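> here is my input; please provide its structure:
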Amino acid sequence: MNVSQLKDKIPSKLHEALSAAGVSELRPAQVKAVNAGLLDGKNLLVCTPTASGKTLIAELAAISAILNKKGKAVYVVPLKALATEKYNDFRKRYGSFVKVALSIGDFDSSDAYLADHDLIICTAEKLDSLIRHRAPWVRMVAVVVIDEIHLLNDPGRGPTLEILITMLRQLLQKAQFIGLSATIGNPEELAEWLWAELVIDDWRPVKLHQGVYREGVIRFKK
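Residues are numbered from 1 along each chain as shown. Coordinates of the predicted model:
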């Protein structure tokens, strides 16, 4: 699917930003997500390989919601370093018309300044803290993206992430939830728990080869 085919479905500023970034063709998972209701506010669980285009799926929903005045968007990641990386990427691509913020610091603050921003990148622990501090802007969120959602199964971060998603679903009953992961062992069950459409695809930009290295030689699986 060519990005130009989305002209009537996404805001013109978003279309222009994608064109400026050299995004002209949607990848298979992105097409499946659009067909599954991505731009219609449907909850989605996207399970596709690394570098298959999951982030752009989230961007299409988040930036569209912001520009269409539906509300803010929150992009939740597991690590501060990843949050900083996403912040820099999103600010470079959309910073001229969307106010992007990074919130990964003090857990004892409600970060009132975030009320003036549209797209907020944070860790699960920080968003959990913001909710507990009753940050009023949280109720203005229209799109919630949970990157690396398979960490629900992590003994360390999993409980916090599960409680966070549960609280957000109760607090934001009309918001769109988008879960992203390359490795989910039980995608059908997780999609049902999220009340989400499941998007699965195995396309990857570089073919993956499996092999065994022994005595200086790699023998690839045929």
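> if I look at the closest residue in space to Leu172 that isn't next to it in sequence, how far off is Val76?
Of all residues not flanking Leu172 in the chain, Val141 sits nearest, at 5.6 Å (C-beta to C-beta, 6 or more residues apart in numbering). Yep, even glycine has a C-beta here, placed from its N, CA and C like the rest. Between Val141 and Val76 the computed distance is 11 Å (C-beta to C-beta, to the nearest Å).
> for the chain, what spans make up the helices?
12-20, 28-35, 54-67, 80-94, 124-132, 158-171, 187-194 (DSSP state H).
> winner for burial among those helices?
Mean neighbours per residue, mean count of other C-beta atoms under 10 Å, is largest over the helices of the chain for helix 54-67, with a mean of 23.
> so which other helices or strands are in contact with it?
helix 12-20, helix 28-35, strand 44-47, strand 72-77, helix 80-94, strand 119-123, strand 141-147, strand 176-181 (3 or more C-beta pairs under 8 Å, 6 or more residues apart in numbering; DSSP states H and E).
> ok, the third one: who's next to it in the sheet?
Strand pairing for strand 44-47, using DSSP bridges, gives strand 176-181 (parallel), strand 197-200 (parallel).
> which pLDDT does the model give the residue nearest to Phe220 when sequence neighbours are not counted?
In space, and not counting its chain neighbours, Phe220 is closest to Gly211: 3.9 Å by C-beta to C-beta, 6+ apart. The predicted structure scores Gly211 at 88 on the pLDDT scale.
> for the residue nearest to the spatial centre of the chain, name its beta-bridge partners.
For the chain, the residue nearest the mean C-alpha position is Val145 (3.8 Å; C-alpha atoms, centre = their mean). Assessed by DSSP bridges, Val145 has beta-bridge partners Tyr75, Ile178.
> ok, Gln176 touching Val144?
Yes. If you go by C-beta atoms under 8 Å, Gln176 and Val144 touch, sitting 7.2 Å apart.
> what mean pLDDT does stretch 67-77 have?
Here stretch 67-77 scores 97 as its mean pLDDT.
> again with stretch 91-104
For stretch 91-104, mean pLDDT rounds to 96.
> again, but for stretch 197-205
For stretch 197-205, mean pLDDT is 87.
> again with stretch 49-63
For stretch 49-63, mean pLDDT is 94.
> one step back: Provide a list of residues in contact with the residue nearest to Leu172.
Contact analysis of Val141 by C-beta atoms under 8 Å, 6 or more residues apart in numbering lists 71-74, 168, 172, 175.
> for Lys32, same thing?
Lys32 neighbours (C-beta under 8 Å, 6+ apart): 199, 201.
> how far away is it from Asp118?
Separation of Lys32 from Asp118 (C-beta to C-beta): 27 Å.
> then Ala17?
Separation of Ala17 from Asp118 (C-beta to C-beta): 14 Å.
> which neighbours do those two share?
Counting by C-beta under 8 Å, 6+ apart, nothing touches both Ala17 and Asp118.
> how much space between Asp111 and Asp147?
For Asp111, the distance to Asp147 equals 20 Å [C-beta to C-beta].
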